[in-house]
Structures are given as C-alpha cells and as structure tokens.
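Participant: test case, fold it:
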Amino acid sequence: MKRINESEVPFKYETTGPKYMFREEGYSGGVAYLDPAGEIKEHAHDDESEVFYFIEGSPKFIASGSEFRVKEGDGFMVVPGEKHGIINDTDKTVKLTFLKIKQGDK
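Facilitator: Numbers count the residues shown, from 1 in each chain. Sure thing, here's the model as predicted:
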C-alpha cells in the first residue's frame, strides 16, 4: 500500500499544472489545477490511455478536434494517439484528477 497527501507533492509548474501523486511502471496519476487562462496544450500519448475527472470548474476539454464544456463531475477518457487538451477560459481555478494507464506494445 502507498499513501500520499496532495499537500506533499509539488506542482509541475511552480503553482499550477499537475501534481503527480503516483508514478508506477504501468500507470501514473494525481491532481491538476489550472488557473484562469491556463491550459494544457493539445497533445497525444503513444502508449497511454488517460482518464480525467473534473472536481471543480468548467473549462473546455478538447479531444479529437471536438470541444466540450466541462461540468463538475464530468469524466473523460482518451486512448493512445488521441489528441486532447484543456483550456480554462473561465475566471475560476479548475481542479481535476487524472490517471495515465500504459497500454503496452501495440
């Protein structure tokens, strides 16, 4: 068993972005915060599916060229090779959890 508290993990980008709470061989994940006007640029993972769960805020979630207005409580999953990103075009900080799952050899 592993236990960690979010307060023990630094942000990837000083005061915003992801906090990786777990980095294991087959998966990684944690929480992320996006300040107003913050964004996670569109990108894809070659060998990972990624699951997102939105706790606070209503940013735009972009996947495969489509945009979705997030509602608190929404979940999304993208598969390897699927482009995705998040744009916080609101005046509130967004909080979400994420989990990246390795898919192994293609």
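Participant: so who does V9 touch?
Facilitator: V9 makes contact with 19-21, 30, according to Cβ atoms under 8 Å, 6 or more residues apart in numbering. C-beta: built from backbone N, CA, C; applies to glycine.
Participant: do you know how far it is from K60?
Facilitator: To K60, V9 is 26 Å away according to Cβ to Cβ, to the nearest Å.
Participant: do the same with D47
Facilitator: For D47, the distance to K60 - Cβ to Cβ - is 26 Å.
Participant: same question, A37
Facilitator: 12 Å.
Participant: which parts of the protein are strands?
Facilitator: Taking DSSP state E to define them, one finds strands in the chain at 17-23, 27-34, 39-43, 48-56, 60-63, 66-69, 75-78, 84-87, 94-102.
Participant: how far out from the middle of the chain is the last one?
Facilitator: When you say that, I think you mean strand 94-102. 4 Å (Cα atoms, centre = their mean, to the nearest Å).
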